[in-house]
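Novice: Fold the following for me, if possible:
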Amino acid sequence: MPTIKRHIDALQKEGFHSVVYELRGRIDLKRLGRHFNMMLKRRHPDVTNYHFFWFRTKEGVIVSYVGNMFLVDAVEDFMNKAVQIGIAGAADEVFSGRNKGLFMGKLKQCLTHFSPKPSTRSYGGSQLGPI
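Specialist: The predicted structure follows:
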């Protein structure tokens, strides 16, 4: 799981604002990242650098985002739209704030429910460059 550690490190280094959502029901992971990026370019050009990370649990998928102060509104906007257009059956916010310690605590708590599926991608996120 060295890639998961790299995602966690990237989340700790990116901006101060963070949000975690739990997605349930039918979840289209291929559309999740692609549609978020498209929506940002069209509706939220003020969101510049950010990192996102997702992983599977038995109940669904946990998605976390970290970035600048405009990110939280953009993610909320996207999650509402994602449910409407069928990217996820439901999306519940489980954390939103500026405190890195609380964010990382919540994320680590959520990671205890990580449940990989054999022969299926079980986690991912923003593209990580070479170390």
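Novice: Below-threshold pLDDT in this protein: ranges please.
Specialist: 1, 128-131 (pLDDT under 70).
Novice: just the strands in it please.
Specialist: 17-27, 50-56, 61-67, 88-97, 123-125 (DSSP state E).
Novice: Return the most buried member of the ones you listed.
Specialist: strand 61-67 (a mean of 25; mean count of other C-beta atoms under 10 Å). No exception for glycine: its C-beta is placed from N, CA and C like everyone else's.
Novice: Partner strands of that strand, with direction?
Specialist: According to DSSP bridges, strand 61-67 forms sheet pairs with strand 17-27 (antiparallel), strand 50-56 (antiparallel).
Novice: what does that strand contact?
Specialist: Contact with strand 61-67 is made by 11, 14-15, 17-23, 27, 29, 32, 47-55, 71, 75, 88, 94-95, 103, 107, 110-111, 113, as judged by C-beta atoms under 8 Å, 6 or more residues apart in numbering.
Novice: can we see that at 7 Å?
Specialist: 11, 14-15, 17-23, 27, 47, 49-55, 71, 75, 107, 110 (C-beta atoms under 7 Å, 6 or more residues apart in numbering).
Novice: do the same with stretch 70-89
Specialist: 15, 17, 19, 21, 23-28, 31-32, 35-36, 39-40, 43-44, 46-47, 50, 65, 90-91, 96.
Novice: Could I get the buried residue list for stretch 98-107?
Specialist: Under the neighbour-count criterion of 16 or more other C-beta atoms under 10 Å, stretch 98-107 has K100, F103, M104, K106, L107 buried.
Novice: wait, the last one sits on V20?
Specialist: Yes - with contacts counted by C-beta atoms under 7 Å, L107 reaches V20, the gap being 6.3 Å.
Novice: coming back round to it: with distance to I4 as extra columns, can I get the strands of the chain in TSV?
Specialist: What follows is the strands of the chain, written out as TSV (distance: least, C-beta to C-beta, whole Å):
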stretch	distance to I4
strand 17-27	15
strand 50-56	7
strand 61-67	12
strand 88-97	18
strand 123-125	6
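Novice: Can you check which of the ones you listed gets nearest to T3?
Specialist: Among the strands of the chain, strand 123-125 comes nearest to T3, with 7.5 Å by C-beta to C-beta.
Novice: If anything else comes up later, I'll come back, but that's it for now.
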